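S.K.: return atomic coordinates for the entry below.
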Amino acid sequence: MDMKRINAGKLRAIGYDERARVLRVEFDDGSAIDYDNVSRDIWQRFSSTGSAWSFYRDNIEEEFTGRKGRTKPQTGTRPAGLDDLFGD
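M.R.: As a prediction, the model looks like this:
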């Protein structure tokens with residue numbers, strides 16, 4: 001799924017899988033929520049609004065049930081291993 005980077009409230013990226021009808025919302029704390037059964041119309045309105053945070057709160061967060069997850073690490077970073085945590 002292609003993600004659109006945004007900076008609105010706590011939102012940092014949004015994406016939509018039209019075939020699966022899944023909307024993914026990523027937040028500034030690294031968390032993400034996937035919402036099922038989101039129409040293309042909702043996605044188009046959300047991705048083009050000038051007030052994405054308000055649209056999210058009013059039309060998505062309150063209307064759909066989401067599954068929480070985490071965003072992928074940024075390219076070039078990797079999760080800390082035991083050596084990184086406790087030394088060599």
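S.K.: contacts and neighbour counts: CA atoms only from here.
M.R.: Fine.
S.K.: immediately after the top helix by length along the chain, which helix or strand?
M.R.: In the chain, assigned by DSSP state H, the helix with the most residues is helix 40-48. Following helix 40-48 in sequence order, the next helix or strand is helix 52-55 (DSSP states H and E).
S.K.: any idea how far that following helix is from the chain center?
M.R.: Put simply, helix 52-55 sits 13 Å off its chain's centre (Cα atoms, centre = their mean, to the nearest Å).
S.K.: mean confidence for it?
M.R.: Taken as a whole, helix 52-55 has an average pLDDT of 96.
S.K.: try stretch 34-43
M.R.: So the average pLDDT for stretch 34-43 ends up being 97.
S.K.: can you get me the start-to-end distance on that stretch?
M.R.: Separation of the first and last residues of stretch 34-43 by Cα to Cα, to the nearest Å is 13 Å.
S.K.: can you show me the strands along the chain?
M.R.: 3-8, 11-17, 22-27, 31-35, 66-70 (DSSP state E).
S.K.: redo those as JSON lines? Include distance to Y56.
M.R.: JSON lines is the format used below for the strands of the chain (distance: least, Cα to Cα, whole Å):
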{"stretch": "strand 3-8", "distance to Y56": "10"}
{"stretch": "strand 11-17", "distance to Y56": "9"}
{"stretch": "strand 22-27", "distance to Y56": "9"}
{"stretch": "strand 31-35", "distance to Y56": "11"}
{"stretch": "strand 66-70", "distance to Y56": "12"}
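S.K.: just those: most buried one?
M.R.: Highest mean neighbour count of those: strand 22-27, a mean of 22 (counted as mean count of other Cα atoms under 10 Å).
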